[in-house]
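Enquirer: kindly generate the corresponding structure for this input.
(one chain, ligands or ions: 2)
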Amino acid sequence: MTQGSTVKGKFITFEGIDGAGKSTHIGFVNDFLASRGKTVVSSREPGGTPLGEKLRELLLHEKMHLETEALLMFASRREHVAQVIEPNLAQGNWVLSDRFTDASFAYQSGGRGLDRAKMEALEAWVHPHLQPDLTLLFDVPLEVARERLDATRTLDKFEREQADFFQKCRNEYLRRAAQFPDRIVVVDSTRTIGEIQLRLAGVLEKLL
Ligand SMILES: Nc1ncnc2c1ncn2[C@@H]1O[C@H](COP(=O)(O)OP(=O)(O)O)[C@@H](O)[C@H]1O
Ligand SMILES: Cc1cn([C@H]2C[C@H](O)[C@@H](COP(=O)(O)OP(=O)(O)O)O2)c(=O)[nH]c1=O
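Expert: Ligands and ions are numbered 1, 2, ... in the order given. A predicted model of the protein is given here:
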């Protein structure tokens, strides 16, 4: 729900625990929207700007205090909102972001236990008037996500966390989906990639 009558672009975010499959589907959504004549910009958090990518390196590989981690996530986000998200939406472009603020609630509050009120304060500071028009939450049981991760890549700091951490992240994501049912669509990511794409196409049609 971007503000202002001149804004034509839409903001879509992709969320889920590591290994749920969100990166797999960003390309599909990009191509689907482009085939409908939209100009699409794909980005990610932490990252999405030169400074944000430097912060991402630190966030994914350095140990740090929980509050430092939360503040750096929002520092990266502030830059991303200012340099990428808002200017593109203002030009009528559609912006896809691999993660946004729901990830901070899920990981720093749900997973690590940071007081939700602090997260809400950061959200109100960094993007008081901006929320995604649509959030696709890719949801899978932990074991499925873990199997997919183990099969594919070297794990970063977050991905090396234990099952209990991811269960708490997943619970927080699902709690937020219940809190914001008009914005967050839960996608059953245990389905095949083809089935998921059909579902995504149906959800996107309604947004066009
Ligand atoms: N629905 C699915 N069924 C089977 N494998 C999947 C599915 N979605 C993703 N994968 C595979 O799981 C792995 C992790 O997916 P990825 O999109 O990188 O997850 P994320 O971005 O959520 O961490 C990849 O190897 C991908 O091909
Ligand atoms: C945006 C964001 C990401 N994260 C974490 C979740 C992920 O484990 C990690 C990087 O996200 P992601 O880009 O999904 O990792 P990958 O490229 O390996 O798929 O950052 C947070 O903890 N808080 C946040 O606010």
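Enquirer: I'd say Leu149 and Gly19 touch.
Expert: Yes. Leu149 lies in contact with Gly19 (Cβ atoms under 8 Å); the separation is 3.8 Å. The C-beta positions use only the backbone N, C-alpha and C, and glycine is treated the same way.
Enquirer: shared neighbours of the two, anything?
Expert: Listed as contacting both Leu149 and Gly19 by Cβ atoms under 8 Å, 6 or more residues apart in numbering are Glu159.
Enquirer: the more surrounded of those two?
Expert: Using other Cβ atoms under 10 Å as the criterion, Leu149 and Gly19 rank with Gly19 on top: 24 against 18.
Enquirer: sec struct for that one, please.
Expert: Secondary structure, DSSP: H, G, I helix; E, B strand; the rest coil: Gly19 is coil.
Enquirer: quick one, strands of this protein?
Expert: With DSSP state E as the criterion, the chain has strands at 11-15, 40-44, 94-98, 134-139, 184-188.
Enquirer: and the chain, which residues reach ligand 2?
Expert: 18, 23, 44-46, 60, 73, 98-99, 103-104, 107-108, 156, 158-159 (Cβ under 6 Å from any ligand atom).
Enquirer: quick one: buried ones out of those?
Expert: Buried members of those, scored by 16 or more other Cβ atoms under 10 Å, are 18, 44-46, 73, 98-99, 103-104, 107-108, 158-159.
Enquirer: of those, list those near ligand 1.
Expert: Filtering these for neighbours of ligand 1 using Cβ under 6 Å from any ligand atom leaves Asp18.
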